[in-house]
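Peer 1: Pasting the sequence and the predicted coordinates here, then a few questions.
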Amino acid sequence: MQIQTESICIRCGKVRIVGKTWLEKMDRGNPITHTETICPDKECQKIVDADFAAKREKKLLITTNRAAQAAATAAATASAKLS
Ligand SMILES: [Zn+2]
């Protein structure tokens with residue numbers, strides 16, 4: 001049984017409503033019900049969604065940059081050792 005916790009919109013502070021629910025079938029046992037909550041204000045939800053998307057992209061970019069930097073440092077260290 002899933003406990004429904006009330007969530008508040010981070011932007012306008014309204015109590016979020018259930019946007020959609022879907023079932024995830026498990027290999028064993030009962031399927032899990034996922035619930036997605038959205039802001040009752042459609043325009044507000046759009047802004048929140050865009051905000052989240054932007055943040056996700058930024059995070060991804062930082063992670064990618066760090067990985068590239070680490071690779072570059074490793075390569076530089078390796079070539080320094082060679083010479
Ligand atoms: Zn809102």
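Peer 2: Alright, I've got the coordinates. Numbers count the residues shown, from 1 in each chain.
Peer 1: ok, and the most centrally placed residue in the chain, which helix or strand is that part of?
Peer 2: Centroid-nearest residue in the chain: R56, 6.1 Å away (criterion: Cα atoms, centre = their mean). Here R56, judged by DSSP states H and E, is contained in helix 42-82.
Peer 1: Any part of that helix near the ion?
Peer 2: Yes - using Cβ under 5 Å from the ion, helix 42-82 reaches the ion at C44. Just so you know, the C-beta spots here come from the backbone N, C-alpha and C atoms, and that holds for glycine as well.
Peer 1: Might one say that L23 is in contact with T35?
Peer 2: No - because the distance of 10.7 Å does not satisfy Cβ atoms under 8 Å, L23 is recorded as not touching T35.
Peer 1: which one of the two has more residues nearby?
Peer 2: Taking other Cβ atoms under 10 Å, L23 and T35 do not tie; T35 has more neighbours (13 against 10).
Peer 1: List phi and psi for the more buried one.
Peer 2: Main-chain dihedrals, T35, degrees, to the nearest 10: phi -130, psi 130.
Peer 1: For it, give its distance to C9.
Peer 2: Note on T35: its distance to C9, by Cβ to Cβ, to the nearest Å, is 15 Å.
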